[in-house]
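1. Predicted model, plus sequence, below.
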Amino acid sequence: MSADGLSDELAGVLKGIQRLARRSVWAGLAAPRLRGAQAELLRVVVERPGIGVSAAAKELYLAANSVSTLVNQLVRAGLLRRETDPRDGRAAMLHPTPACLERLRDLDARRGALFRDRLATLTPADRAALAAALPALRRLAESLRTTGEAP
């Protein structure tokens with residue numbers, strides 16, 4: 001398969017997997033659904049408690065005002081806590097709330113169970129092929145990350 005064909009096929013398959021997984025994970029949840037950018041921001045804040053809005057925006061490749069809007073939504077929802085940065089009173093430091101941690105734990109558990117169940121339906125050869133592809137997919141992800149960091 002040519003690089004062009006592979007790129008189109010891979011992009012389509014990954015997008016489809018992400019969309020279908022998200023739908024399955026959210027099905028039956030009582031809590032309001034998080035948009036993709038909201039969930040991504042929560043994960044960044046959980047990984048780096050105390051991160052500022054500008055740093056989070058850089059991490060997510062979003063405009064600072066877009067992240068600021070997301071922060072306001074998530075603070076109102078009780079999922080983020082915003083504190084004034086003691087080094088710069090104009091800046092905010094972001095922290096996850098217990099509700100955020102619980103929500104992400106639940107989503108991660110649901111996603112893990114979904115993939116475990118679906119992988120169990122595949123043949124051993126298919127599971128081995130997916131496992132063998134993981135290093136290449138990680139390198140692709142890193143390549144995409146460094147491309148996003150370019151000026």
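-> Nice, thanks for sending it over.

2. residue boundaries of the strands in this protein?
-> 80-85, 88-96 (DSSP state E).

3. Give me the longest helix you can find in this structure.
-> Under DSSP state H, the helix in the chain containing the largest number of residues is helix 124-149.

4. and that helix, how far out from the chain's middle?
-> Chain-centre distance of helix 124-149: 16 Å, with C-alpha atoms, centre = their mean, to the nearest Å.

5. what mean pLDDT does it have?
-> Throughout helix 124-149, pLDDT has a mean value of 88.

6. Tell me the buried residues in it?
-> For helix 124-149, burial by neighbour count (16 or more other C-beta atoms under 10 Å) applies to no residue. Where you see a C-beta, it was placed from the backbone N, CA and C, and this is true even at glycine.

7. Also stretch 78-89?
-> Within stretch 78-89, the residues that count as buried by 16+ other C-beta under 10 Å are 79-81.

8. cool, and stretch 22-35?
-> Those would be 22, 24-25, 34, for stretch 22-35 by 16+ other C-beta under 10 Å.

9. what's the closest non-adjacent residue to the spatially most central residue of the chain?
-> For the chain, the residue nearest the mean C-alpha position is E40 (3.8 Å; C-alpha atoms, centre = their mean). Leaving aside its chain neighbours, E40 sits nearest to L60 (5.8 Å; criterion: C-beta to C-beta, 6 or more residues apart in numbering).

10. Identify the residues contacting the one you found.
-> 37, 40-41, 44, 67 (C-beta atoms under 8 Å, 6 or more residues apart in numbering).

11. quick one: low-confidence ranges for this protein?
-> Within the chain, the ranges that satisfy pLDDT under 70 run 148-151.

12. can you map out the helices along it?
-> All helices of the chain, identified by DSSP H, fall at 3-26, 36-47, 53-60, 64-76, 98-120, 124-149.

13. Just send the ones you listed back as a markdown table, with distance to R90 too.
-> Shown next, in a markdown table, are the helices of the chain (distance: least, C-beta to C-beta, whole Å):
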| stretch | distance to R90 |
| --- | --- |
| helix 3-26 | 36 |
| helix 36-47 | 19 |
| helix 53-60 | 11 |
| helix 64-76 | 12 |
| helix 98-120 | 24 |
| helix 124-149 | 26 |
